[in-house]
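Student: Quick one: sequence plus predicted model below, questions after.
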Amino acid sequence: MPGKSILLLLGLFVVAVACFKTGDEIDDSACIEELQSRQVTWVGDVLPVIQVSCQNCHGSTPQAPATQNLTVAATVQAYFNPANDTNGPGLMARLTTNNKRMPPDGGLGPCDVEKFRKWQSDGFLP
Ligand code: HEC
């Protein structure tokens, strides 16, 4: 009975998608747990995220209307202070809310956000 096979296939598909999602969540929590076990650094953790997710617009020639080259640690550090973000809510709010969200097309995953947060709490290590 073809109807049944289609239902079965659909069921398998739903289960497979559910498993992938759980896999991602496990990856995120394992990644965050690993960060908690050590200190986060600019070169080892934050810069690689910026190179993948921010540098296209915030490289050495920032793409207007972006103004900042965020491949420089001191520049990124300054934006943790919302007072320095004259057109927005500050770096962490840009990464975690829809207020001028960065990157504009959807934002970073939880572990990448945690790298920024813990870079600050560990003392902005190089
Ligand atoms: C597709 C291009 C694009 C990407 C990718 C992008 N940004 Fe932006 N960003 C902009 C634009 C345009 C502005 C100016 C408008 C505004 O203030 O929101 C901006 C502004 C900013 C500002 C304020 C300083 C400035 O340059 O004007 C910060 C801080 C910022 N982005 C952080 C980030 C971070 C961190 C990432 C990566 C996680 C990122 N952005 C990725 C386009 C981008």
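Tutor: Done, it's in.
Student: For the longest helix along the chain, buried residues please.
Tutor: Taking DSSP state H as the criterion, the chain has its longest helix at helix 2-36. By neighbour count with 16 or more other CB atoms under 10 Å, helix 2-36 contains the buried residues I32, L35. All C-beta atoms are positioned from the backbone trio N, CA, C, and that covers glycine.
Student: pLDDT of it, averaged?
Tutor: The pLDDT scores in helix 2-36 average 78.
Student: Tell me the helix or strand right after it.
Tutor: helix 47-53 (DSSP states H and E).
Student: can you pull the contacts of Q68?
Tutor: The contact partners of Q68, taken as CB atoms under 8 Å, 6 or more residues apart in numbering, are H58, P62, T75, Y79.
Student: again but with F13, I slipped
Tutor: When contacts are counted by CB under 8 Å, 6+ apart, F13 touches no other residue.
Student: Relative to T41, how far out is it?
Tutor: Distance of F13 to T41, given as CB to CB, to the nearest Å: 42 Å.
Student: Give me every residue in this structure lying close to the ligand.
Tutor: 53-54, 56-58, 62, 65-68, 70, 79, 85, 87-88, 91, 94, 100, 102-104, 108 (CB under 6 Å from any ligand atom).
Student: Restricted to buried residues, select the residues you listed in ChimeraX.
Tutor: Provided next is the ChimeraX selection string for whichever of these are buried by 16+ other CB under 10 Å:
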select :53,54,57,58,68,70,79,85,91,94,102,108
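Student: Many thanks, have a good one.
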